[in-house]
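# Model the structure of this input:
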Amino acid sequence: MKQVKRFALMAVLLMAVIVAGCSSSQPPKESLQTAMKNTMAAESYKMNMTMQIDDLQLGDLVAEQTGGIDVAGIIKGAKLTADTLYTKEPMRMDMDMEINLPGMMDMKLAVPMIVTKDEMYVKIPNLPMLPLPEELFDQYIKMDLQELAEQSGQQISMDVATQQKMAQEFAAVFMDNFDEKTYFSEVKAADAGLPEGMKADNVIKFAITNDNYDQTVDTMINKVVPAIFDLLLNNEDYLNALGLEKADVESVKESWDNDKDQALDGFKDLLTVNTLDITTAIHDKYMVHQGVKIDLDLKNPEGTGETMKFVISFAAQYSDFNKKQEHPELPADAITMDELMEQFQAPMGM
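The predicted structure is shown next:
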């Protein structure tokens, strides 16, 4: 089971870096790179995002580890939507997020959030199972971000400029190591499945296929991941932004270097990429749409013949770049985490 977890984690890491790299990168190649930089540097924008788990098959082995709980049945079909308003200065992000779990009696959970440079506000969802007074439902909890970092033992930097620079450098590492001709192509807007009425000057597609999968694994394991380790180890600001200790990153890098050959064989033998493509629409040198489709099969490394399947889709639309966003007033009646804990304890007689 240790091997299953190891390769599953590594598969997630591999695909997360790929998606992150393309989501904030270049190409064929200059147009996408320029659009990414402009989008990240925008003074403000709106974003509408949808992510859905279209299929999930975890097999009997996972069921055994979870005491027979049908995790796949609960999560399959889950859909996350978020409508976001973002302003760079002063930093403010308002997000209305909704989670829909068809596998749990079609449960819907609304979680509005507000993030500023120093604070985060999260509205308490109206869930009957929470042992709270009714008047607290739909009220905001106010959290000090620095206090949260200190309580977790991490000094996480909330410097937006540093985070943007880091994301751009991660993207550059990714793009520098992936061949444009092999992975990137320009497609017609009419064939890209864009939302109705969306204008696009060009549409760029990044795709991993069966033909280039072995090359992809070689590139990620031998070039991209080591380069990201080096980038982190040579920049203390990036470590702080992620709440990481240099010694811990060095230890992980050493383990990665020692296990690269095993990881290489594991990915090639155990992971099958049926679909992994990312389509980015660009208008006026900004990203206006991004669509991601991921369909993976992961064999059990312990040789039982069992295969897990993951099918995920993601779409995001960006608009109103550099326009004044109408953020509502911050919740004046928000309660602190300490006050919330007192309310939790009261019904229990604590």
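# For Gly59, grab the count of nearby residues.
17 (other CB atoms under 10 Å). All C-beta atoms are positioned from the backbone trio N, CA, C, and that covers glycine.
# Regarding the nearest residue in space to Met40 that is not next to it in sequence, what is its secondary structure?
Nearest residue to Met40, sequence neighbours excluded (CB to CB, 6 or more residues apart in numbering): Gln164, at 5.0 Å. Secondary structure, DSSP: H, G, I helix; E, B strand; the rest coil: Gln164 is helix.
# Would you state the helices of this structure in chain order?
Along the chain, counting by DSSP state H, helices occupy 2-23, 30-41, 59-65, 71-75, 145-151, 160-177, 180-183, 213-219, 225-233, 236-242, 246-270, 337-345.
# what's Lys323 in contact with, if anything?
Lys323 makes contact with Ser44, according to CB atoms under 8 Å, 6 or more residues apart in numbering.
# from here on, count from 8
From this message on, residue numbering opens at 8, which makes the last subject Lys330.
# can you list the helices of the chain in a markdown table and add mean pLDDT and distance to Met112?
Below are the helices of the chain laid out as a markdown table (pLDDT from 0 to 100; distance: least, CB to CB, whole Å):
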| stretch | mean pLDDT | distance to Met112 |
| --- | --- | --- |
| helix 9-30 | 46 | 28 |
| helix 37-48 | 83 | 38 |
| helix 66-72 | 68 | 20 |
| helix 78-82 | 84 | 10 |
| helix 152-158 | 75 | 32 |
| helix 167-184 | 80 | 38 |
| helix 187-190 | 88 | 42 |
| helix 220-226 | 91 | 39 |
| helix 232-240 | 93 | 41 |
| helix 243-249 | 86 | 37 |
| helix 253-277 | 89 | 35 |
| helix 344-352 | 77 | 24 |
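# who wins for proximity to Leu143 among those?
Proximity to Leu143 (CB to CB) singles out helix 344-352 among the helices of the chain, at 5.9 Å.
# Quick one: distance of the closest one to the chain centre.
Here helix 344-352 is found 30 Å from its chain centre; the criterion is CA atoms, centre = their mean, to the nearest Å.
# and it, which residues are buried?
The neighbour-count check on helix 344-352 (16 or more other CB atoms under 10 Å) flags 347, 350 as buried.
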